[in-house]
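**Q** next come a sequence and a model predicted from it.
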Amino acid sequence: MKNLIYLNLSHCGFIGEIPSNLGNLSNLQYLDFSSDYTYYDDFGFSSDLIIENIEWMTNLVSLKHIGANYVNLSMVGSQWVEVLHKLPMLTELHLDGCSLFGSIPSPSFVNLTSLVVIAISFNRFCNT
């Protein structure tokens with residue numbers, strides 16, 4: 001599966017942690033593991049599909065599309081922005097309802113020039 005370029009696991013009803021060994025799929029260009037199993041709690045939308053450490057995504061340097069809508073990324077903190085900086089081919093980012101919070105760093109600190117679509121609604125961002 002090392003030559004795999006398209007992987008769509010969205011809305012499959014998975015629960016638990018997304019395996020970090022997906023980072024071994026170094027030729028991957030399209031990755032979608034969006035969840036449709038969500039609920040609303042005190043922090044906003046949440047899901048039983050979770051990523052606790054997103055560092056494995058930095059191996060996916062050919063990635064053009066990430067779909068992770070309603071995957072719980074609350075444990076990732078601001079690390080998701082650092083990962084984006086290491087994905088130079090990324091054109092689409094879908095992180096709606098991922099329990100992200102805090103502030104988004106200034107664009108001058110992050111290279112997002114290749115992004116055409118950024119979908120990050122239903123999160124808990126704030127201005128600083």
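**A** Sure, I can see it.

**Q** from here on, contacts and neighbour counts on C-alpha atoms
**A** Will do.

**Q** need the contact list for Ile66.
**A** By C-alpha atoms under 8 Å, 6 or more residues apart in numbering, the contact set of Ile66 is Tyr30, Leu31, Asp32, Leu90, Glu92, Leu93, His94.

**Q** pick out the most distant pair among those.
**A** Asp32 and Leu90 (13.0 Å; C-alpha to C-alpha).

**Q** higher neighbour count, those two?
**A** Leu90 (24 against 18; other C-alpha atoms under 10 Å).

**Q** so how far is Gly16 from that one?
**A** 26 Å (C-alpha to C-alpha, to the nearest Å).

**Q** residue contacts, the most centrally placed residue in the chain?
**A** Against the mean C-alpha coordinate of the chain, by C-alpha atoms, centre = their mean, the closest residue is Ala68 at 4.9 Å. By C-alpha under 8 Å, 6+ apart, the residues touching Ala68 are Asp32, Phe33, Ser34, Ser35, His94, Leu95, Asp96, Cys98.

**Q** whichever of those end up buried, select them in PyMOL.
**A** To isolate the buried subset of the contacts of Ala68 in PyMOL, counting by 16 or more other C-alpha atoms under 10 Å, use the following:
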select buried, resi 32+33+34+35+94+95+96+98
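
**Q** which one of the contacts of Ala68 is nearest to His11?
**A** Ser35 (5.0 Å).

**Q** assumed that closest one was part of a helix.
**A** No. Membership of Ser35 in a helix is not supported by DSSP: H, G, I helix; E, B strand; the rest coil, which gives coil.

**Q** show me the helices in the protein, by range?
**A** 79-85 (DSSP state H).

**Q** got the contact list for Asn59?
**A** With C-alpha under 8 Å, 6+ apart, Asn59 has these contacts: Gly23, Asn24, Ser26.

**Q** kindly recompute the last result at 6 Å.
**A** Asn59 makes contacts with Gly23, as judged by C-alpha atoms under 6 Å, 6 or more residues apart in numbering.

**Q** then Arg124?
**A** By C-alpha under 6 Å, 6+ apart, Arg124 lies in contact with Leu100, Phe101.

**Q** for Gly13, see how far away it is.
**A** Per C-alpha to C-alpha, Arg124 is found 24 Å from Gly13.
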